[in-house]
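Undergrad: following is a predicted model, sequence given first.
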Amino acid sequence: MGFFTFAALGLFSSLGAIIIRGQLGITSRAVAGIGPFTMFAASAVAQLAVGRLPLVRLLQIGAVLFPVGMALTAGSLYHPTLTLFLGAAAVAGAGAGLLFKGAASQIAVVASPTSRAGVLAMFFVIAYIGMGLPSILFSVVIQHIRLQPAMIGFAVALSGGAIVAAVATGRGGTRHTAGGRHRAVRGAGCGQHRASRRRAPGRS
């Protein structure tokens, strides 16, 4: 999950200025930095706004917003307007933020206390690889094909990967919750049984 969401963040951070300058013809450095800023800001705002929702709901919202934002990003290259590009950055950023939060929360819950730090460290390593490697590959690809079809392929790959990861994470969270409830019910039942056995001699 972190790989795909950070790949989108890395794309906007490294190539967003190039897209604004090359496709929109805007040479202002201040405006060129608005794209990455919009995406990261939307990611933070989305996490603050709905971050308290249950894990599955969080992943569902993120799995809808992220592909929509990536599709709008690809569409903004065919209909280049700054408003559409920034809107795409905001939607994709919000979806990426929710997916990332959901995945990190799931790891924190599922991993055992002794291995939690190591698992989270590996999660962030993979995420930061995603921030760099796909952007490098994308910059190589656009040297050989046009930017628009390359972006479509990039958007499809990231969206598909993020959706598959979200579904897998959501199922894992559901199983973990169900297992916790089952253990709680069994524990309560065993407690009642022991209590009834302790009371039994007093009644006889």
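TA: Looks like it came in fine.
Undergrad: what's the spacing between the most centrally placed residue in the chain and Gly51?
TA: Ranked by distance to the mean C-alpha position of the chain (C-alpha atoms, centre = their mean), the top residue is Leu99 at 2.4 Å. According to C-beta to C-beta, to the nearest Å, Leu99 and Gly51 sit 12 Å apart. All C-beta atoms are positioned from the backbone trio N, CA, C, and that covers glycine.
Undergrad: how about low-confidence regions in the chain?
TA: Scanning the chain for pLDDT under 70 picks out 172-204.
Undergrad: thinking again about what came up before, am I right that the residue nearest to the centre of the chain is in contact with Ala162?
TA: Yes. With contact defined as C-beta atoms under 8 Å, Leu99 reaches Ala162; the gap is 5.9 Å.
Undergrad: now for those two: what residues contact both?
TA: Contact criterion C-beta atoms under 8 Å, 6 or more residues apart in numbering; residues shared by Leu99 and Ala162: 1, 4-5, 62-63, 66.
Undergrad: out of those residues, flag the one nearest to Leu72.
TA: Distance to Leu72 across the shared contacts of Leu99 and Ala162 (C-beta to C-beta) is lowest for Phe66, with 10.9 Å.
Undergrad: how about the nearest residue to the closest one, chain neighbours excluded?
TA: Closest residue to Phe66 apart from its sequence neighbours, by C-beta to C-beta, 6 or more residues apart in numbering: Gly95 at 3.0 Å.
Undergrad: any idea which helix or strand carries that neighbour?
TA: For Gly95, the host element (DSSP states H and E) is helix 82-110.
Undergrad: and for Val125?
TA: Taking DSSP H and E as the definition, one finds Val125 inside helix 116-141.
Undergrad: just checking, what packs against that helix?
TA: For helix 116-141, the elements it packs on are helix 2-24, helix 82-110, helix 147-203, judged by 3 or more C-beta pairs under 8 Å, 6 or more residues apart in numbering; DSSP states H and E.
Undergrad: buried set for that helix?
TA: Residues 123, 127, 130-131, 134-135, 138, 141 are the ones in helix 116-141 that count as buried (16 or more other C-beta atoms under 10 Å).
Undergrad: before we move on, what about stretch 161-173?
TA: Under 16+ other C-beta under 10 Å, the buried positions of stretch 161-173 are 161-163, 165-166, 169-170, 173.
Undergrad: for it, which outside residues touch it?
TA: Residues from elsewhere that reach stretch 161-173 (C-beta under 8 Å, 6+ apart): 1, 3-5, 55-56, 59-60, 62-63, 66-67, 95-96, 99, 102-103, 106, 109-110.
Undergrad: ok, Phe85 touching Ile19?
TA: Yes. The criterion here is C-beta under 8 Å, and Phe85 meets it with Ile19 at 7.1 Å.
Undergrad: residues contacting the residue nearest to Pro80 when sequence neighbours are not counted?
TA: Distances taken as C-beta to C-beta, 6+ apart put Gln23 closest to Pro80, at 4.5 Å, once the chain neighbours are dropped. Gln23 is in contact with 76-77, 80, 147, counting by C-beta under 8 Å, 6+ apart.
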